[in-house]
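Enquirer: Turn this into a structure:
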Amino acid sequence: MLGAWLTRGLVMAVVHAAAMTLLAKWSVFHPTGQTLFTSLTIAVLVGLAALWSAIDGWRGLRDRGRAWFIASLVAGVGSGILYVIGRAIFVDQTGVSELRAALTGGAAFSALLVLVPAGLGLFVGGRIRRPAEDADADSEPEPDDEDEDGAGSRSGELELPPSPTPRAEKEKPAEKPKPSPVSRQAANRARRRPTVAGRSPAPRNR
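Expert: Below is the predicted model:
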């Protein structure tokens with residue numbers, strides 16, 4: 001963020017100061033033919049700010065709006081100071097007395113020449129789609145009508161057979177019926193029946 005507004009502000013300050021110095025130099029040698037040259041100079045300054053900001057909007061620079069706002073303020077103040085220095089060196093040896101006018105009206109005019117076209121460029125550049133985004137949008141497949149309705153199989157997908165059901169548990173072997181306690185007691189009585197010495201018990205009539 002710091003490098004973004006500082007770079008843009010300093011570059012625009014130098015460009016605006018150089019343009020105003022050239023206008024002052026031109027007015028010395030061509031006092032009657034300033035309209036066309038002034039219009040061309042302003043057009044170049046506006047086009048430069050608009051083009052640079054449009055590129056930032058197209059690239060999706062982070063905090064680009066705030067960066068260009070601060071850069072316009074830096075460009076206004078910096079161009080005023082540099083213009084006084086350049087005019088004093090190359091034009092008419094202007095003194096420090098011109099610095100106040102350059103930092104008020106001249107700085108405000110330069111800041112507007114940066115801020116207004118920069119805002120327009122950010123608006124236009126942010127709505128220009130990148131080639132990569134266009135390619136991604138074209139490569140997205142359109143959904144089938146059957147898929148939207150929820151019926152039919154999706155194209156390109158392999159239908160797998162249903163998974164086999166787990167095997168039934170093996171049946172446990174049938175348990176033998178346990179003898180009832182009544183029959184067990186009857187068998188015990190028959191075994192314990194008293195007998196006569198030397199004789200076997202007489203068979204019971206059935």
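
Enquirer: Low-confidence bits of this structure, can you list those?
Expert: Low-confidence regions of the chain, defined by pLDDT under 70, span residues 1-2, 131-206.

Enquirer: rerun at 80
Expert: In the predicted model, the chain carries pLDDT under 80 at residues 1-2, 33, 93-97, 129-206.

Enquirer: which residues in it form helices?
Expert: Along the chain, the stretches classed as helices by DSSP state H are 2-29, 35-59, 64-90, 99-101, 107-125, 131-139, 145-149, 181-191.

Enquirer: Contacts only, for Trp45.
Expert: One correction, residue 45 is Leu, not Trp. Val15, His16, Ala19, Leu113 (C-beta atoms under 8 Å, 6 or more residues apart in numbering). Any C-beta I mention is one placed from the backbone N, CA and C, and that applies to glycine too.

Enquirer: my read: the second one touches Phe109, true?
Expert: No: in terms of C-beta atoms under 8 Å, His16 does not count as a neighbour of Phe109; the distance is 9.1 Å.

Enquirer: ok, those two, which is more surrounded?
Expert: Neighbours were counted for His16 and for Phe109 using other C-beta atoms under 10 Å; His16 has more, 28 against 15.

Enquirer: so who does that one touch?
Expert: Residues near His16 by C-beta under 8 Å, 6+ apart: Leu45, Ala75, Ser79, Tyr83, Ser110, Leu113, Val114.

Enquirer: Return the closest of the residues you listed with respect to Trp26.
Expert: Among those, Tyr83 lies closest to Trp26 (C-beta to C-beta), at 14.0 Å.

Enquirer: how about stretch 35-55: buried residues?
Expert: Across stretch 35-55, burial judged by 16 or more other C-beta atoms under 10 Å covers Thr41, Leu45, Val46, Leu48, Ala49, Ala50, Trp52, Ser53, Ala54.

Enquirer: Revised request: answer the last question for stretch 52-69.
Expert: Buried residues in stretch 52-69, counted by 16+ other C-beta under 10 Å: Trp52, Ser53, Ala54, Asp56, Gly57, Trp58, Leu61, Arg64, Gly65, Ala67, Trp68, Phe69.
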